[in-house]
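[1] have a look; sequence and predicted model below, questions after that.
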Amino acid sequence: MINFLIRRTVFMFVALWAVTLISFFIINLPEGDYVTAYIAQLQATGSMVDAEEADNLRIFYGLDQPLYIQYFKWMREMVLYQNLGFSFEYNMPVTEVISERLLLTMILAIACIIFIWAIAIPFGIISAVKQYSVWDYLFTFLGFVGLAIPDFMIALIAMYLFFVWFDFSPGGLFSPEYVGVPWSWGRGKDLIDHIWIPMVVLGTAGTASLMRITRANLLDELSKPYVITARAKGLSEWRLIMKYPVRLALNPAISLTAYILPYLISGSIIVGVVLSLPTVGPQLVKALVAQDMFLAGGIILLIGFMTVVGTFISDLLLLWVDPRIRLEAGGS
Amino acid sequence: MLKKFRHGLVVVLLLVVGLVAIACSDEEVEEATNTTNASAAASSAQASGAAPAATPAAAAKPAAPAPKIVETSKTSKAATGDDQAAGLGEGDVSWPSLSDTMPSSFSESPMCAAKAAAGEIPALEDRLPENPLVISPAESIGEYGGTWYRAFTGPADGQNMERPMKDHILFFGTNMTDVQANIAESWTSNADATEFTLTLRKGLKWSDGDDYNTDDIMFWYDHMVTNEDLVPTPPSWMKSGGELLTFSALDKETLQINSSEPYGLLITLLASVVVAGPHTRGDSGLGLYAPSHYLSDFHPDVIGLDEANAKAEAAGYENWAKYMLFLNHANANPDSPMMTAWKVVKPITSEQWALERNCFYYGVDTEGQQLPYMDNVVLDLAENLEVLNLKAIAGEFTVQGRHIDLSKLPVFKENSDKGNYRIQFWRQPESGIANLYINESWGDGAHGEPELASFLTNKDFRAALSMGIERDEINEVFFLGLGEIGGLCAGWDDPNNPGKYIGEDYVQFNPDAANALLDSIGLDKKDADGMRLMPSGEKIVVTHSVAVAAFEDYEGIDSMVIEMWKKHLGIDGKLDAQERSLWSSRRDNNETMLNSWESSGRAGAIITPNHLGVVGGGGFIAVGASNAHRDDGTMADGWVGEWQALYEEAKSDGSKYAPNLKKVVELNCENVNPITTVMNKPTYTAIIKKNVRNVPNPLPFSYHAQTSGNGFPETWWLDGGNQ
C-alpha cells in the first residue's frame, strides 16, 4: 500500500516534468516570440513599435537568450521559489494573474461534475432498470444529442436565444457590479445565478458517456445470481438495486472523473471564449496567440497537474470504494 | 403497439429539432438579405449624393512653433462627411478648440465637491493650476455625471484608454497637425532649433494630490530613461546627431532641452504618441516624466540597490527594474499617480477595468467647470471580439470605436434605434487600406533579378499597373463600398495641372493608356497567352507578397488585382502568401518584390514614416535604401533620395515640417509608389449613444494624435444621463 503510494507520487513528478518540457518547447515552435506577436497586435489596432523598443523588450524579458537557458531559468524559479514565471503581457507574476481565474475554473469544473453526476447516474439507473422503456429511449436520445452537438455550438445557440428572447448577452460569470470585487455572500449568490448556463453547456457532453456506462454496467450486474438471490429473499426492489448493483456500477463513474477534470478545463476553453467566461481557458488561448510563453506554460502545467492529481485521487477513491482493488494493491 | 409508439416519439423529437434548425436558418437568410440591401444603399448614397468632399486638409496647415496657443482654424475642416450623405452621424460640423480667455470663476463636479467637503481632497482652488487648460467644447457646455461604458480585450489593450486620455506634455488640435498646449502652457525654441524651453502650468497636481513640476521630468531623465537596467537603449527620438538630448530644469516650471544638432521636429514629437506620457509609455520606462514622489521609494538611486531589490522580491518580482515598470504602469497599478482626466481604480489585468474622474485634472471648460464631465469609465473584458460586437449591437456602450467590426455595419444600422445609438465613421484622412508597395531596392537584394528589377524602378511601369486596377470593384467586394477612390494627394491642387491633384490620373482605371505605356517601355512583345515578355524574351511575372491572417484580406485583394492585370494589361502575376512574422522579416531583408499593406493617414508621413517613408530601415518602398539610411545615413539616388533629404530637413528645421510633409507625400504620388487601391475606409466605426454630446464631427483619425484623444473626450457629456 505504502509502496503503491510512493510509486504513484514519483511517477506524478516525472509526468509533470515531462509536461513542462513539452509545453515549453511547443510554445516556442512558432516563428517569432512574444515581442513579434506584441508588435503584430499593436499594428492591428493602429499602433507602431520601432526596432529599438522591440530590442529593449527582448533584452528586458530575456528573450535574447537561447531557449535552454530560458527554460532553465523558468525551472529554477519554479523549484526554488514555487514561482511559475513572469507573464510578459500582464507584467505580473503568473501565479497572480491566474489565481482568481483558476479558482473560478475549479468551481465551474466541480459544478459540472456535480451536474453530470446528478443527471447521468439517476438517468443511467432508470435506463437500465427500465430497459427499452420510453424513458430509456428518451434519456438515451437526449444523451446522444448532447454528445453529438459540439459544446461551443450549444453555447452559441444559447447566447443567441438569450439575446433574442431576453435581450441579454450572457457573457461572464458575474453581474457587472460583482466583477473584480472581493468575495462576499452577494458575489457568491451572483455566481450561482450565472454559473448554470456554462455548467449545462459543458455538462451535456459529459453526461451521455457517463449515463451509458452506468447503464451498461448496471445491466451486467442486474442479471447476476446475487441479485436474484436477494430478490428471492424478499429484499425490497429499490433497496436491492441501490445497495448492491449500483454500488458496483459506480466504479467507472469514479475512474471517469479523473478524465472529466482535464476534459472540462480543456473543453471549457472554447466555450469559455464563446461565453466570455473569466476562466483560464480564454486566457490560455490569448497567451498562446500572444506567445506569452510563461503564462501559457504555467496554465498548461496546471492543467497537467490537475490531470495527474485527478487520476491519483480517483485511484485513491477506487481503493476506498472497492475492496477488491484495495486487496490487490495491498497484496502487490 | 407500444414499440410503434416509441418509434413515434423519436420521430416527433427529430421533427422538433428539425423545425428549430429551420427557424434558425430562416433568420440567417433574412440577415443576409439585409446585408446586400444596406451595402447597396450605402454605395448608391455615395455615388449619387455629395461627392466625397476633401477630408480635412490636415497636413496643409503649418504648425506654428510660436509659444502662443494655436486657435484651431474653423476653416480648415472642409469635410462635410460622406458619412452624412450615407445617413450616418449627425449633420452639424463641430470641433473643440482651446480658448485664451480665462473663465472668471471655477466650479467642480458633485463627486469632487463631496470628496472636498469630506476633507479627502483640498478645495477646488487648491487643486487647479493657476492657469488651467481652457477647452471650448465642440457643441455645448456640458452637465456633470454618468458613466462611459466601453469594452476592452485584455492587458495588451492599454491603448483603449490611453488614446482618449492623452497625458502628453503638449498635444494636437483635432486637425492632428497644430501643436497645442497641454501640461505645458507654452514653449519656445531658439532660431536654429537646438534649444527648447517648455513652461509648465504653475500649481499642477498628480491625481494623488502631490505637486507636479520639473522634478518629475528630471527624475525620469536622470534615473529612468538613462538607467540601462530599466531602459537598455534610449528611444530614437531622444538622440540627435548621435548624442542624447540634454534636459535641465531652470526652475520648478521651466524645462530646457538642448540638442547638439538642429531638431525642429522635437516639438511635434513631444505632442505625439512617439514621446507621449507615462500612461502610454510608462510600462517600458518611457514617457518624458514619471511620478518621482511615488517611484523614489522603490528606486535604487534613492533607497539603495539591496533595499530596492528586496522590495521587488517581496512583491514577487525578479528585480527592481521589473517592479518599477509595473509600478509605473498606471493601467495595471491603480496606486500609480496619473495626470489624466480620469484615473484608474480597477486595473486592466482584471475582468473589469474601471476609472473615475481625477479631481486634480488641469482642464476646464469655457465657463470654468472642471473637466471631465463624465464621472466614471467602466470597461468590461471581452474574451473575444464577437462578444464585444454583440454588446455593441445591444447598445451597451456609451462611445466605442475601437474593436467595432465594420463588416457588421448592416446589423449595427438595423439595431441602432433599439440600442439607442448612432454610428459615426472616424477616418484617417488619405490613408490607404490595401496599397501595393513596389520595392524599388529589390534588385539589390538576395532575390533580385536585374531585368525585372529595372522595370520596378521605372515610374511608367508603376503608373501602368496603377491604371490597370478597377478600384470600384475592390471597394464593393471587400469594403461594402465604404472606401473611397482617390490618391494620397487628394485635395491638394497640382500647380502644374490646376483642378487636379498629383497622381489623380494614375488612380483612374484606364487600360488604353496603361497598355500604351507598357508598349513604350520595352514590354511590347507577348507570348501565346497574351502575357507580356521582357526584352530578353522572358515572361514578366510580378510576385505579390502578402501576410496571411492580417487585419485586411490581402490575399483576396491581391488575387483580384493579379486577375485584373492579367486581363487588362497582360502582366502575369503570382501570389506569395506568408505567415505574418515570416513575411515581415523577409520584407525587412529586402527579399520581396511587391508587398501589400495599409498606409496610415498622410498627416503621419514624417512623424511615423513606417509606411510611406524610405528612412529608418525596413519599410516598403525601397527597403535596401531604407536600411542603408538607417545603418550609416547613406542617401539614395533619385526620388527616394529626395524623400530622405526632405525628411532630414524637416527633422532639423521645425519650420520645414509642414511644407515638407506635403512634399514627401507628393513625391509618393508623383512616383506612383505605393500604388493605392481603395482609400479612407473608416478606421473606427464608432457606436455612440444618441444622447452623447460634444463628439467632434467629423473626427479625423490618426495614431500619432491618438484619436479619440484629439476629440477631447473629457468634454463629452451625457444629455439626460446614462440611457
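    Everything's here; your move.

[2] quick check, pLDDT for the most centrally placed residue in chain A.
    Of all residues in chain A, the one closest to the mean position by C-alpha atoms, centre = their mean is residue A:265, 2.4 Å from it. Looking at residue A:265, its pLDDT is 70.

[3] quick one: which helix or strand includes it?
    If you go by DSSP states H and E, residue A:265 is part of helix A:245-275.

[4] repeat that for residue B:353.
    Assigned by DSSP H and E, residue B:353 belongs to strand B:352-357.

[5] partner strands of that strand and their direction?
    Strand pairing for strand B:352-357, determined by DSSP bridges: strand B:342-346 (antiparallel), strand B:376-381 (antiparallel).

[6] out of those, flag the one nearest residue A:309.
    Checking those against residue A:309 by C-beta to C-beta gives strand B:376-381 as the closest, at 29.1 Å. For every residue, glycine as well, the C-beta is placed using N, CA and C.

[7] can you point out the buried residues in that closest one?
    Buried residues in strand B:376-381, counting neighbours by 16 or more other C-beta atoms under 10 Å in any protein chain shown, are found at B:376, B:377, B:378, B:379, B:380, B:381.

[8] point out where chain A drops to low pLDDT.
    The model of chain A has pLDDT under 70 over residues A:1, A:41-51, A:167-171, A:180, A:258-259, A:267, A:325-332.

[9] now the buried residues of strand B:376-381 as JSON lines including pLDDT?
    Formatted as JSON lines, the buried residues of strand B:376-381 follow (pLDDT from 0 to 100):
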{"residue": "B:376", "pLDDT": "96"}
{"residue": "B:377", "pLDDT": "97"}
{"residue": "B:378", "pLDDT": "95"}
{"residue": "B:379", "pLDDT": "95"}
{"residue": "B:380", "pLDDT": "90"}
{"residue": "B:381", "pLDDT": "88"}
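
[10] and for residue 136, the neighbour number?
    No chain specified, so I'll use chain A. For residue A:136, the tally of surrounding residues (other C-beta atoms under 10 Å in any protein chain shown) stands at 18.

[11] hm, I was asking about chain B
    18.

[12] of the buried residues of strand B:376-381, closest to residue A:91?
    Using C-beta to C-beta, the buried residues of strand B:376-381 come closest to residue A:91 at residue B:381, 16.7 Å.

[13] distance of that closest one from residue B:354?
    Applying C-beta to C-beta, to the nearest Å, the value for residue B:381 to residue B:354 is 11 Å.

[14] again, but for residue B:135
    Relative to residue B:354, and taking C-beta to C-beta, residue B:135 is found at 24 Å.

[15] cool, and residue B:685?
    For residue B:685, the distance to residue B:354 equals 25 Å [C-beta to C-beta].

[16] one more: residue B:509?
    Taken as C-beta to C-beta, the span from residue B:509 to residue B:354 is 51 Å.

[17] higher neighbour count, those two?
    Shown here are residue B:509 and residue B:354; by other C-beta under 10 Å, residue B:354 has more neighbours (20 against 17).

[18] residue contacts, the closest residue to the more buried one other than its chain neighbours?
    Leaving out its chain neighbours, the residue that sits closest to residue B:354 by C-beta to C-beta, 6 or more residues apart in numbering or on different chains is residue B:346, at 3.9 Å. With contact taken as C-beta atoms under 8 Å, 6 or more residues apart in numbering or on different chains, residue B:346 is in contact with A:180, B:334, B:352, B:353, B:354.

[19] residues in contact with the residue of the stretch 1-150 of chain A at minimum distance from chain B?
    In the stretch 1-150 of chain A, no residue comes nearer to chain B than residue A:32, which is 3.9 Å away by C-beta to the nearest C-beta. Counting by C-beta under 8 Å, 6+ apart, residue A:32 touches A:291, B:581.

[20] about what we covered before: residues in contact with the strand holding residue B:353?
    A:176, A:179-180, B:109, B:111-112, B:152, B:160-161, B:331, B:341-347, B:372, B:374-381.

[21] go again with 7 Å.
    By C-beta atoms under 7 Å, 6 or more residues apart in numbering or on different chains, the residues outside strand B:352-357 that reach it are A:179-180, B:109, B:111-112, B:152, B:161, B:342-347, B:372, B:375-381.

[22] ok, stretch B:375-392 next?
    Under C-beta under 7 Å, 6+ apart, the answer for stretch B:375-392 is A:163, A:169, A:171, A:176, A:272-273, A:276, A:282, B:109, B:111, B:145-154, B:160-161, B:342, B:351-357, B:397, B:400, B:403-405, B:408, B:687.

[23] then stretch B:438-449?
    Under the criterion C-beta under 7 Å, 6+ apart, residues B:450, B:453, B:456-457, B:462, B:590-595, B:620-625, B:640, B:673, B:675 lie in contact with stretch B:438-449.

[24] swap in stretch A:106-115?
    A:195, A:198-200, A:202-203, A:257, A:260-261, A:264-265, A:268, A:279.

[25] okay, and the residue of the stretch 501-650 of chain B found nearest chain A sits in which element?
    Per C-beta to the nearest C-beta, residue B:581 is where the stretch 501-650 of chain B lies closest to chain A, at 3.9 Å. Here residue B:581 is covered by helix B:580-588, with elements defined by DSSP H and E.

[26] show me what that helix is packed against.
    Applying 3 or more C-beta pairs under 7 Å, 6 or more residues apart in numbering or on different chains; DSSP states H and E, we find helix B:580-588 packed against helix A:34-44, strand B:541-547.
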